[in-house]
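> build me a structure from this.
(chains A and B)
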Amino acid sequence: GEDVEQSLFLSVREGDSSVINCTYTDSSSTYLYWYKQEPGAGLQLLTYIFSNMDMKQDQRLTVLLNKKDKHLSLRIADTQTGDSAIYFCAESIGAGNNRKLIWGLGTSLAVNP
Amino acid sequence: DTEVTQTPKHLVMGMTNKKSLKCEQHMGHRAMYWYKQKAKKPPELMFVYSYEKLSINESVPSRFSPECPNSSLLNLHLHALQPEDSALYLCASSPSFGRFMGELFFGEGSRLTVL
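Purely as a prediction, here's the structure:
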């Protein structure tokens, strides 16, 4: 089946690292994505990782992929209040024009000063 | 220009009204999407246009009618909507469909309330 799961809430202190986790069920995933949605705004693509990679780093963001366990994580270093948002994990499955994007329910990150 | 612009930002309409949502991008992207998002939920795909042709219609009721007049513009025509259609409607674009369909640039959305 096609399912992406995330924990719904995470609360961290400003300056700490945040780790948002995601698990997926479809082993044919090609790309996995992290999107951020701030209150009242659209979604913003933060980063993505190809399924043959196990790590990708981009400034404060580190994505780890464990393909064996079908586990994806997003680490935000030195978390700031501006990082407070909902973070959606999504996986791309299928090929060509039959590709689909399967979304998780989103993790609401609260950053406390 | 890396923006997707949506108008209007807010829309209130009655169940007998006809209105349209508009979306514009100037990034040269050849795939454009309409998504519907309810509060605290992930976006749900409604329609995909690829090279100005409708590629995907996710069994959306006919009271929603998409239109892609050219490669930069995407409209969503609304008629005889129901209160449960109240949601945030998000337009997105990507360089193309297929391989790039997950690399979406979203607009800020049009918040629709149906009375």
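
> point out the other helices and strands that the worst-scoring helix or strand of chain B on mean pLDDT packs with.
The helix or strand of chain B with the lowest confidence, counting by mean pLDDT, DSSP states H and E, is strand B:53-57 at a mean of 92. Here strand B:53-57 touches strand B:44-50, strand B:64-70, going by 3 or more C-beta pairs under 8 Å, 6 or more residues apart in numbering or on different chains; DSSP states H and E. Every residue, glycine included, has its C-beta placed from N, CA and C.

> need those in a markdown table (columns: mean pLDDT).
Output for the helices and strands packed on strand B:53-57, formatted as a markdown table (pLDDT from 0 to 100):
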| stretch | mean pLDDT |
| --- | --- |
| strand B:44-50 | 96 |
| strand B:64-70 | 97 |
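
> most tightly surrounded among the ones you listed?
Of those, the one with the most neighbours on average (mean count of other C-beta atoms under 10 Å in any protein chain shown) is strand B:44-50, at a mean of 20.

> ok, the helix or strand of chain A with the lowest mean pLDDT near chain B or not?
Across the helices and strands of chain A, mean confidence by mean pLDDT, DSSP H and E is lowest for strand A:100-103: a mean of 92. Yes: contact of strand A:100-103 with chain B (C-beta under 8 Å from any C-beta of the partner chain) involves A:101, A:103.

> chain center to that strand, what's the gap?
Here strand A:100-103 is found 13 Å from its chain centre; the criterion is C-alpha atoms, centre = their mean, to the nearest Å.

> strand partners of that strand, parallel vs antiparallel please.
Partners of strand A:100-103 in the sheet, by DSSP bridges, are strand A:85-93 (antiparallel).

> neighbouring contacts of the partner strand?
A:2, A:4, A:6, A:20, A:22, A:24, A:26, A:28-39, A:43, A:46, A:72, A:74, A:99-104, A:106-109, B:40, B:42, B:101-102 (C-beta atoms under 8 Å, 6 or more residues apart in numbering or on different chains).

> ok so, going back, format the helices and strands packed on strand B:53-57 as TSV; extra columns: distance to chain A.
Shown next, in TSV, are those (distance: least, C-beta to the nearest C-beta, whole Å):
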stretch	distance to chain A
strand B:44-50	7
strand B:64-70	16
